[in-house]
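Fold the following and give me the result.
(2 chains)
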Amino acid sequence: GDSVTQMEGPVTLSEEAFLTINCTYTATGYPSLFWYVQYPGEGLQLLLKATKADDKGSNKGFEATYRKETTSFHLEKGSVQVSDSAVYFCALRTVDTGNQFYFGTGTSLTVIP
Amino acid sequence: DSGVTQTPKHLITATGQRVTLRCSPRSGDLSVYWYQQSLDQGLQFLIQYYNGEERAKGNILERFSAQQFPDLHSELNLSSLELGDSALYFCASSVSGGGSTDTQYFGPGTRLTVL
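As a prediction, this is how the structure comes out:
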């Protein structure tokens, strides 16, 4: 079945460090891919998305490229800030699976000054 | 603020009881989704309603049920509660009922504690 695998956390980085959170997926159809972010005590917010192969989603300095050949959608940011501390979820959605969202387990990021 | 509202924010109850969680979607959104987030199982999709009709069902227990009303708000009913039902319950909404590009917007969640 469809699924998403994220790198295990927690991740702790110093401010201005480079961030990569790995995400790979398995899907029977042609999924759209998403990154959601959950700040402490809040719901999930859409961070970025990509709907077809080679698309790059970007928002707030974060980027992720839909790589069909490696079935990946890694999240990157060149210089993290303390305010980026949150839990990041990779997700996919396909029409073939009734449009259900499948979420990864989440990766907790803490950025220290 | 996503525009999705959920009430109550916190709920504490006892085993065996029944509770109702409420969700109001963003203005114009026709679909409502319910998710359960727990430490051991992560974020699990429960059920989706589109314009009043059930559209998709995930890992929802038989003790749980949901409905979407004509004004498009939704309620999730949890009965015969067990300790393991303690979790954050999120509602999300989207414009349409389908399409892989249809983005979901999440509410702030209801934290349920079963004692």
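
for chain A, what are the nearby residues on chain B?
Residues of chain B lying close to chain A by CB under 8 Å from any CB of the partner chain are B:2, B:4, B:33, B:42-43, B:45, B:48, B:55-56, B:58, B:90, B:92, B:97-109. All C-beta atoms are positioned from the backbone trio N, CA, C, and that covers glycine.

Let's see the pLDDT reported for the closest residue to residue A:23 other than its chain neighbours.
Spatial nearest neighbour of residue A:23, excluding adjacent residues (CB to CB, 6 or more residues apart in numbering or on different chains): residue A:90 at 3.5 Å. Listed pLDDT for residue A:90 reads 95.

Residue A:90 sits in which helix or strand?
Under the criterion of DSSP states H and E, residue A:90 resides in strand A:86-93.

on that earlier part again, from the residues of chain B next to chain A, which ones fall inside strands?
B:33, B:42-43, B:45, B:48, B:55-56, B:90, B:92, B:105-106 (DSSP state E).

Serialize those residues to TSV and add fields for pLDDT and neighbour count.
Shown next, in TSV, are those (pLDDT from 0 to 100; neighbours: other CB atoms under 10 Å in any protein chain shown):
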residue	pLDDT	neighbour count
B:33	93	29
B:42	80	15
B:43	86	24
B:45	89	20
B:48	91	27
B:55	88	19
B:56	86	19
B:90	95	26
B:92	93	27
B:105	90	21
B:106	91	22
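
near chain B, which residues of chain A show up?
A:30-32, A:34, A:36, A:42-46, A:49, A:51, A:89, A:93-95, A:98-106.

Distance of residue A:55 relative to residue B:6?
31 Å (CB to CB, to the nearest Å).

So what's the residue count around the nearest residue to residue B:50 once chain neighbours are set aside?
For residue B:50, the nearest residue in space outside its immediate sequence neighbours is residue B:97; the separation is 3.2 Å by CB to CB, 6+ apart. Residue B:97 has 17 neighbouring residues, counting by other CB atoms under 10 Å in any protein chain shown.

Report pLDDT for residue B:97.
70.

correct me, but residue B:24 touches residue B:4?
Yes. Using CB atoms under 8 Å, residue B:24 is in contact with residue B:4, at 7.0 Å.

Who has more neighbours out of the two?
Using other CB under 10 Å as the criterion, residue B:24 and residue B:4 rank with residue B:4 on top: 23 against 19.

Contact partners for that one?
Counting by CB atoms under 8 Å, 6 or more residues apart in numbering or on different chains, residue B:4 makes contact with A:43, B:23-26, B:91-93, B:105-108.

Which residues does stretch B:62-69 contact?
Contacts of stretch B:62-69 (CB under 8 Å, 6+ apart): B:32, B:34, B:46-47, B:49-54, B:60, B:74-81.
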